[in-house]
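In: here are the coordinates; sequence isn't available:
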């Protein structure tokens, strides 16, 4: 009796198939980072005041803070700021991203020795990519109205991208440790020793607030904020309206602050107050005492 021929079905994965699996893992994780970045931008822009009262340093501060947060942190911060319909999807996306980062290879390693199993892993990873991609699309589409309100039109975004790709971008935002150190300084009382004024070549007279530790700050919509000036210069002069009431212990971010409406308590009962201006792109400020009051008008662009 003739023995039947037996065909051996080979199910060993090829090197190309294994490389493809790793590539699909990288793609899935990349799209989780795209989602993370998009959510950071939404969070950074969500609480900004109206377009004409935004300062560039304040935007940079908000972005740097947002980018210092983990995906889980930024999702928590966005709770109540975005439609509730995204909440469950974001929590699921966070769980998926954490699984990819910490558990995927450990829990799937036993499936990497058969070609058919690797094809299933690739299918699984492609599913994760779709989850992150669709959620990023949906949240970005929802936020588009706010972007346009702030003047971040598609044309502006494309111009910024072209500038970055050409190597003409601005200085990068500070790292996480620097950002957290600056945030700590704004959360507790500080000793204000000087308020400087000087003229800019392109017009305008910014106010720069110097603390006892030498750090410099400027006015923003919620109190003191970041400034692009890193050190005092010889042509700067102390503002005469403020100088008599310094040094003073102040709260850099007054708790009851509204957009461009807050006060700092100075020495001898004096109050440095800030209020929205009577015209677009202006704010008013002055020093009030028991016997007299001063008032000046500035533009946010000047600071």
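Out: Alright, I've got the coordinates. Being a predicted model, the structure only gives us computed values, none of them experimental. Residues are numbered from 1 along each chain as shown.
In: other SSEs contacting the host helix or strand of residue 137?
Out: Residue 137 belongs to helix 115-149 when assigned by DSSP states H and E. Under the contact criterion of 3 or more C-beta pairs under 8 Å, 6 or more residues apart in numbering; DSSP states H and E, helix 115-149 touches helix 15-46, helix 87-102. All C-beta atoms are positioned from the backbone trio N, CA, C, and that covers glycine.
In: residue 67 is nearest to which of those helices?
Out: Residue 67 lies closest, by C-beta to C-beta, to one member of these: helix 15-46, at 5.3 Å.
In: which other helices and strands contact that closest one?
Out: Partner elements for helix 15-46 (3+ C-beta pairs under 8 Å, 6+ apart): helix 56-67, helix 71-78, helix 87-102, helix 115-149.
In: just the angle for the helix holding residue 137 relative to helix 15-46, thanks.
Out: Counting by axes from the mean of the first three to the mean of the last three C-alpha atoms, to 10 degrees, helix 115-149 lies at 20 degrees to helix 15-46.
In: what about the chain, any weak spots by pLDDT?
Out: 1-9, 150-171, 295, 300-303 (pLDDT under 70).
In: centroid-nearest residue for it?
Out: Among the residues of the chain, the one closest to the centroid is residue 63, at 2.0 Å (C-alpha atoms, centre = their mean).
In: wait, that residue sits on residue 172?
Out: No - contact criterion C-beta atoms under 8 Å: residue 63 and residue 172 do not qualify, at 10.9 Å.
In: now do the SS call for residue 196.
Out: strand (DSSP: H, G, I helix; E, B strand; the rest coil).
In: touching, it and residue 208? I think so.
Out: Yes - the criterion here is C-beta under 8 Å, and residue 196 meets it with residue 208 at 4.4 Å.
In: between those two, which contacts overlap?
Out: Common neighbours of residue 196 and residue 208, using C-beta atoms under 8 Å, 6 or more residues apart in numbering, are 232, 236.
In: just say helix, strand or coil for the nearest residue to residue 252 once chain neighbours are set aside.
Out: Nearest residue to residue 252, sequence neighbours excluded (C-beta to C-beta, 6 or more residues apart in numbering): residue 224, at 4.1 Å. Here residue 224 takes the strand state, with states given by three-state DSSP.
In: can I see the domain layout of this structure?
Out: 15-165, 188-302 (automatic domain parsing).
In: near residue 22, how many other residues are there?
Out: 11 (other C-beta atoms under 10 Å).
In: ok, now residue 137?
Out: So residue 137, with other C-beta under 10 Å, has 12 neighbours.
In: quickly note the distance from it to residue 38.
Out: Per C-beta to C-beta, to the nearest Å, residue 137 is found 9 Å from residue 38.
In: noted, bye for now.
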